[in-house]
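Visitor: Predicted structure and sequence below. I'll ask about it afterward.
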Amino acid sequence: MNLHMENDRKIESPEALPEQRIQEQQTELKTNAQASPEALEKNMSKIDSAAGTESENAEHSEMTEEQWIEQQNKVIDEVKNGEGGLEKPQEKGNYGEMKVDQDLRKKGYERISKDIVISLDSKTRQGIDGVYYSKNGKPKYMIVDAKYGAGQLSKTHDGKQMSDMWINNRLDQSVGKEHADDIRLERVWNPDNVVSCVSHIGSDGNVTYNELDVNGNIKKDVSKKIRDKHKLEESYFLMYFQEEEKRIHKFKTALDKLLAGKETQRAQISRYIATIYRNYVSAMYSSGAKIDEISNAFQVYLDYLKHAKIYDYEETVDVLSLAILLNIDYFSVKSVLNPEISDPLTFALESWLKNGALEIQTQKLKFPSQYFHLWEFLNKKENMDVSEIVSYAEEQWYGSCNGIYWHNTHKSSENIYAGYWCWLAAAIIKISGKHLDRDRSYKYLPVDLI
């Protein structure tokens with residue numbers, strides 16, 4: 001099932017009334033509209049409106065996808081810069097639809113529905129505002145009604161707007177019979193792949209989505225909450241994951257081609273894949289992924305680590321900290337630990353993971369400049385002041401990491417940034433059992449894992 005639109009494809013428009021048919025209707029209405037002059041005027045306005053729609057659809061049919069996207073972006077920028085007003089309901093509605101088109105494009109979706117809005121003055125149309133598709137999207141299909149401000153879904157003669165019945169009655173007109181049937185079957189076999197939403201567009205241009213149930217009532221918020229404070233666009237992480245999936249596939253293919261006895265090469269490739277998954281886990285948390293999804297990715301990371309040694313001390317600390325935060329059992333972690341990389345900090349974390357109790361050694365830390373303060377917090381866990389460790393994690397930790405490979409990667413143009421998270425500080429807070437303020441925003445402390 002391939003619904004991707006080619007860049008030079010002309011935009012289809014609903015079947016317009018031919019001129020001859022419009023003339024016939026005009027003659028018919030003049031003959032039959034004997035009730036009153038007002039009735040005749042009202043009916044004639046309907047015909048004029050149909051003719052206007054025909055003209056606008058003809059204009060759309062001459063535009064390529066690239067051209068209408070450029071036109072939408074231009075209008076949105078004009079509104080953002082104060083050059084285009086949003087005074088009339090029609091203007092607000094059209095702006096909302098264009099913002100949803102733009103937002104979902106950034107998230108990797110393509111608009112497959114007709115009746116594309118390209119100006120604030122586009123005529124108001126009845127029906128589904130937009131249907132969107134992404135081959136790798138979750139969900140694959142989004143059927144969206146755009147509301148500017150606090151606009152609400154209305155009731156119609158065939159059910160509430162955006163209810164399943166209402167959508168089904170208009171889906172053929174929106175995307176054509178073939179695509180509509182593909183969507184219907186997808187909803188039968190894989191219901192999670194087809195989601196209907198109402199989107200609300202704020203005066204600041206922010207777009208949020210609420211999933212709807214079969215009756216058109218709001219079910220849950222499906223907007224991902226980006227946790228990262230350096231990359232605020234979900235589109236960045238979508239691109240990041242797509243690129244990393246390609247890399248993983250490339251190395252997995254090479255791994256499958258290895259013959260028996262090539263253990264050195266197998267360990268090297270497994271190490272490469274493990275490194276990708278290590279960063280993948282961080283990017284998942286940054287992008288707002290669910291905790292169980294992050295846990296699953298971490299388990300895959302551990303599986304590849306079993307075939308290759310952990311590289312360094314920092315990775316050891318991160319593995320132990322994440323295992324504590326994600327409630328991974330000790331024996332899943334034990335096989336990947338390198339006995340040569342051990343000091344009082346790693347020993348204490350390992351003992352907690354194994355026995356639920358800290359065992360403190362008195363030797364010196366291997367890297368005191370980076371870990372001494374956090375080690376001190378761990379040593380006094382019962383008497384620890386949470387505000388102090390939060391202050392350290394948020395204000396000093398990142399600076400202490402200068403020289404580590406991922407430092408300042410958010411400035412790179414190569415999409416290698418996955419997130420900056422002090423897993424150890426979060427693990428120490430969890431071990432201490434202390435409570436912290438969950439209403440504030442955190443830049444480096446992965447509070448959702450505590």
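Guide: Perfect, I can see it now.
Visitor: where does the stretch 251-400 of the chain have low pLDDT?
Guide: 381-382 (pLDDT under 70).
Visitor: could you pull out the helices for it?
Guide: In the stretch 251-400 of the chain, helices defined by DSSP state H, counting those that start in this stretch lie at 263-287, 291-305, 313-325, 330-334, 344-355, 368-379, 386-395, 397-400, listed in chain order.
Visitor: Assumed residue 142 was part of a helix.
Guide: No - using DSSP: H, G, I helix; E, B strand; the rest coil, the assignment for residue 142 is strand, not a helix.
Visitor: Phi, psi for the closest residue to it other than its chain neighbours please.
Guide: Sequence neighbours aside, residue 132 is the residue nearest to residue 142 in space, at 4.5 Å (criterion: Cβ to Cβ, 6 or more residues apart in numbering). In this view, the C-beta of every residue, glycine as well, is placed from N, C-alpha and C. Geometry field for residue 132 lists phi and psi as phi -130, psi 150, criterion degrees, to the nearest 10.
Visitor: Name the residues linked to residue 132 by a beta bridge.
Guide: Taking DSSP bridges as the rule, residue 132 bridges to residue 111, residue 142.
Visitor: any idea how far residue 208 is from it?
Guide: To residue 208, residue 132 is 16 Å away according to Cβ to Cβ, to the nearest Å.
Visitor: Look at those two and report which has more neighbours.
Guide: Neighbours were counted for residue 132 and for residue 208 using other Cβ atoms under 10 Å; residue 132 has more, 26 against 14.
Visitor: Where do the domain boundaries of this protein fall?
Guide: Split into domains by automatic domain parsing, the chain comes to 19-221, 234-449.
Visitor: Show me the contact partners of the host helix or strand of residue 104.
Guide: Per DSSP states H and E: residue 104 is located in helix 89-106. For helix 89-106, the surrounding residues in contact (Cβ atoms under 8 Å, 6 or more residues apart in numbering) are 69, 72-73, 75-76, 79, 84-86, 111, 116-122, 124, 129-130, 132, 142, 144, 146-149, 151, 199, 201, 205, 207, 233-235.
Visitor: Also stretch 405-415?
Guide: 230-231, 236, 239-240, 243, 279, 398, 401, 416-418, 420.
Visitor: run the last query once more with 7 Å
Guide: 230, 231, 239, 240, 243, 401, 416, 417 (Cβ atoms under 7 Å, 6 or more residues apart in numbering).
Visitor: Kindly report the same for stretch 225-240.
Guide: The contact list for stretch 225-240 (Cβ under 7 Å, 6+ apart) reads 106-108, 224, 283, 285-288, 410, 415, 417, 419, 443, 448.
Visitor: among those, which two are most distant?
Guide: 108 and 443 (26.4 Å; Cβ to Cβ).
Visitor: Could you turn the buried ones of the contacts of stretch 405-415 into a PyMOL selection?
Guide: Selection of buried members from the contacts of stretch 405-415 for PyMOL, criterion 16 or more other Cβ atoms under 10 Å:
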select buried, resi 231+240+401+417
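Visitor: Could you dump the contacts of stretch 405-415 into JSON lines and include pLDDT?
Guide: Output for the contacts of stretch 405-415, formatted as JSON lines (pLDDT from 0 to 100):
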{"residue": "230", "pLDDT": "92"}
{"residue": "231", "pLDDT": "91"}
{"residue": "239", "pLDDT": "88"}
{"residue": "240", "pLDDT": "92"}
{"residue": "243", "pLDDT": "91"}
{"residue": "401", "pLDDT": "89"}
{"residue": "416", "pLDDT": "95"}
{"residue": "417", "pLDDT": "96"}
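Visitor: Taking the contacts of stretch 405-415 together, which two end up most distant?
Guide: 239 and 401 (24.8 Å).
Visitor: which residues does the residue nearest to residue 142 contact?
Guide: Residues in contact with residue 132 (Cβ under 7 Å, 6+ apart) are 104, 109, 110, 111, 112, 141, 142, 144.
Visitor: The second one: what's its closest spatial neighbour, skipping adjacent residues?
Guide: Distances taken as Cβ to Cβ, 6+ apart place residue 132 nearest to residue 109, at 4.0 Å, with adjacent residues excluded.
Visitor: Most neighbours of all the contacts of residue 132, which one?
Guide: residue 144 (27 neighbours).
Visitor: for that residue, what are its contacts?
Guide: Contacts of residue 144 (Cβ under 7 Å, 6+ apart): 100, 129, 130, 132, 197, 199.
Visitor: Next, count neighbours for the fifth one.
Guide: Residue neighbour count, defined by other Cβ under 10 Å, stands at 25 for residue 197.
Visitor: same deal with the last one?
Guide: Residues contacting residue 199 under the criterion other Cβ under 10 Å number 24.
Visitor: for it, phi and psi?
Guide: Dihedral pair for residue 199: phi -110, psi 140, per degrees, to the nearest 10.
Visitor: Surely it touches residue 143?
Guide: No - in this structure, residue 199 is not within contact of residue 143 by Cβ atoms under 7 Å, at 10.9 Å.
Visitor: What segments of the stretch 51-200 of the chain are strands?
Guide: 110-111, 130-133, 141-148, 155-156, 159-160, 194-201 (DSSP state E, counting those that start in this stretch).
Visitor: Restrict the second one to CA atoms and write it as PDB.
Guide: C-alpha atoms of strand 130-133 as PDB (Å, rounded to 0.1, in the frame of the first residue of the first chain):
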ATOM      1  CA  GLY A 130      -7.100  16.600   6.300                       C
ATOM      2  CA  VAL A 131      -6.000  12.900   6.000                       C
ATOM      3  CA  TYR A 132      -2.300  12.200   6.500                       C
ATOM      4  CA  TYR A 133      -0.100   9.200   5.900                       C
END
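Visitor: Could you give the average pLDDT over that strand?
Guide: Mean per-residue pLDDT for strand 130-133: 96.
Visitor: if you look at the contacts of stretch 405-415, which of them are in helices?
Guide: Per DSSP state H, helices hold the following members of these: 239, 240, 243.
Visitor: what sits against the last one?
Guide: The reference is to residue 243. residue 415.
Visitor: mind checking how far the residue nearest to residue 142 is from residue 98?
Guide: The value you get for residue 132 to residue 98, if Cβ to Cβ is used, is 13 Å.
Visitor: do the same with residue 275
Guide: 41 Å.
Visitor: what does residue 105 give?
Guide: Taking Cβ to Cβ, one finds residue 105 at 11 Å from residue 98.
Visitor: Residue 219: which of the helices of the stretch 251-400 of the chain is closest?
Guide: helix 291-305 (19.7 Å).
Visitor: Quick check: buried residues in the closest one?
Guide: 294, 295, 297, 298, 301, 302, 303, 304, 305.
Visitor: could I get stretch 96-103 in PDB with only the CA atoms?
Guide: Once non-C-alpha atoms are left out, stretch 96-103 reads as follows in PDB (Å, rounded to 0.1, in the frame of the first residue of the first chain):
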ATOM      1  CA  GLY A  96      -5.500  26.400  11.300                       C
ATOM      2  CA  GLU A  97      -5.700  23.900   8.500                       C
ATOM      3  CA  MET A  98      -2.500  25.100   6.900                       C
ATOM      4  CA  LYS A  99      -0.700  25.000  10.300                       C
ATOM      5  CA  VAL A 100      -1.800  21.300  10.700                       C
ATOM      6  CA  ASP A 101      -0.500  20.500   7.200                       C
ATOM      7  CA  GLN A 102       2.800  22.200   8.000                       C
ATOM      8  CA  ASP A 103       3.100  20.600  11.500                       C
END
